[in-house]
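**Q** Sequence first, then the predicted structure:
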Amino acid sequence: MVKTKTTTLGEFIIENQAAFKYSSGELSKLFNAIRLAAKVVNHEVNKAGLVDILGNAGETNIQGENQQKLDILANNIFIQTLRNREIVCGIASEEEDDFIPINSNNGENQNKYIVLIDPLDGSSNIDVNVSVGTIFSIYRRVTPVGKPVTLDDFLQAGREQVAAGYIVYGTSTMLVYTTGQGVNGFTLNPALGVFYLSHPNMEFPEDGKIYSVNEGNYAHFSYGIKEYIKYCQKEEGNRPYTSRYIGSLVSDFHRNMIKGGIYLYPKSSIASNGKLRLLYECNPMAFIAEQANGKASNGHRRILDIKPTELHERVPFICGSIKMVEKAEEFIHNS
């Protein structure tokens, strides 16, 4: 039997660093920190039910949403890991009211990168043992190196991302990321604590047969979205499509990228701007989607072209296989 080479995440980052236009070694260190934090969170998620980390923490975040105990735990793990490694100049988290400047001992910071993170996407599913995830986004700062970061460093359009990715904590734990050179997925070997390249060059099929939307909100959707859902359900050609909705963006996105499909969280009469956060969820997933031959839109324009105006801004989000997203946009435009 011929033994094939198995590539670890660390080896892959080093081997492909030269293709990254900002190559300096700093990004590799940043990914190593994210990898470490992901393994710690994975360990904690897998203890859920054995220790007292399930359920509501009794607090709300800046969006007014109830925080789960694991939300707070994952948030602290990622922030402390990034802070302790001294490799970023600022962090913004979905669970924090404001961004966090990171200063060195002398009060300055020579690092170039900021990280925006959704520490535990889909955390309300933890109590019922459904897959959850982490989403992260990396930018180069726009303010001068050595000066404290400002809000401008975080309010950059998604097209300015230098890297983005997600970790899905499911039947296996996977880290999927892009630096603008395609999308690759790595699966954690829990016995060794090492991520191995398992899904090279991931891409959305051009078309698909899965639509993912919370149909419990159907009555509140716009006419165009309602008509698109009816189109998905109509028996004609290769339809009806299959409805699959987990309620964890990372899990729904991951399935649709592998099998072909569309994810929709549109605006509605009860969420006029949609529900998902532009900086922590939509931008990183849109960047990954475009690098994987997919498309991401708010129904009218490219997600990555939207200029944020606040840290916790929400936008409608439609993402997935190109032909399916374009068909949804057609229904919205014609409504």
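**A** Thanks, I have it. All of these numbers come straight from a predicted model, not from anything done at the bench.
**Q** And S198, how far from N256?
**A** Using Cβ to Cβ, to the nearest Å, S198 is found at 18 Å from N256. Bear in mind the C-beta positions are built from the backbone N, C-alpha and C, glycine included.
**Q** okay, those two: which has more neighbours?
**A** Using other Cβ atoms under 10 Å, the more surrounded residue of S198 and N256 is N256, with 25 against 16.
**Q** Assign the closest residue to the more buried one other than its chain neighbours to helix, strand or coil.
**A** Spatial nearest neighbour of N256, excluding adjacent residues (Cβ to Cβ, 6 or more residues apart in numbering): G320 at 5.1 Å. Under DSSP: H, G, I helix; E, B strand; the rest coil, G320 falls in the strand class.
**Q** same check, this time on I91
**A** Applying three-state DSSP: I91 is strand.
**Q** can I assume it is in contact with D98?
**A** No: checked against Cβ atoms under 8 Å, the pair I91 and D98 is beyond contact range at 10.6 Å.
**Q** If you average the pLDDT over stretch 128-137, what comes out?
**A** Averaged across stretch 128-137, pLDDT comes to 88.
**Q** For the closest residue to S335 other than its chain neighbours, give me its contacts.
**A** Leaving out its chain neighbours, the residue that sits closest to S335 by Cβ to Cβ, 6+ apart is G224, at 3.1 Å. Applying Cβ atoms under 8 Å, 6 or more residues apart in numbering to G224 gives the contacts G299, F331, I332, H333, N334, S335.
**Q** for the stretch 51-200 of the chain, what spans make up the helices?
**A** 69-85, 151-154 (DSSP state H, counting those that start in this stretch).
**Q** from the chain's centre, how far out does the longest one sit?
**A** Read it as helix 69-85. 16 Å (Cα atoms, centre = their mean, to the nearest Å).
**Q** so what secondary structure elements neighbour that helix?
**A** helix 26-45, strand 56-60, strand 90-93, strand 113-121, strand 132-140 (3 or more Cβ pairs under 8 Å, 6 or more residues apart in numbering; DSSP states H and E).
**Q** okay, those in CSV with distance to G170 and mean neighbour count next?
**A** Below are the helices and strands packed on helix 69-85 laid out as CSV (distance: least, Cβ to Cβ, whole Å; neighbours: other Cβ atoms under 10 Å):
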stretch, distance to G170, mean neighbour count
helix 26-45, 10, 20
strand 56-60, 23, 12
strand 90-93, 22, 24
strand 113-121, 12, 27
strand 132-140, 8, 25
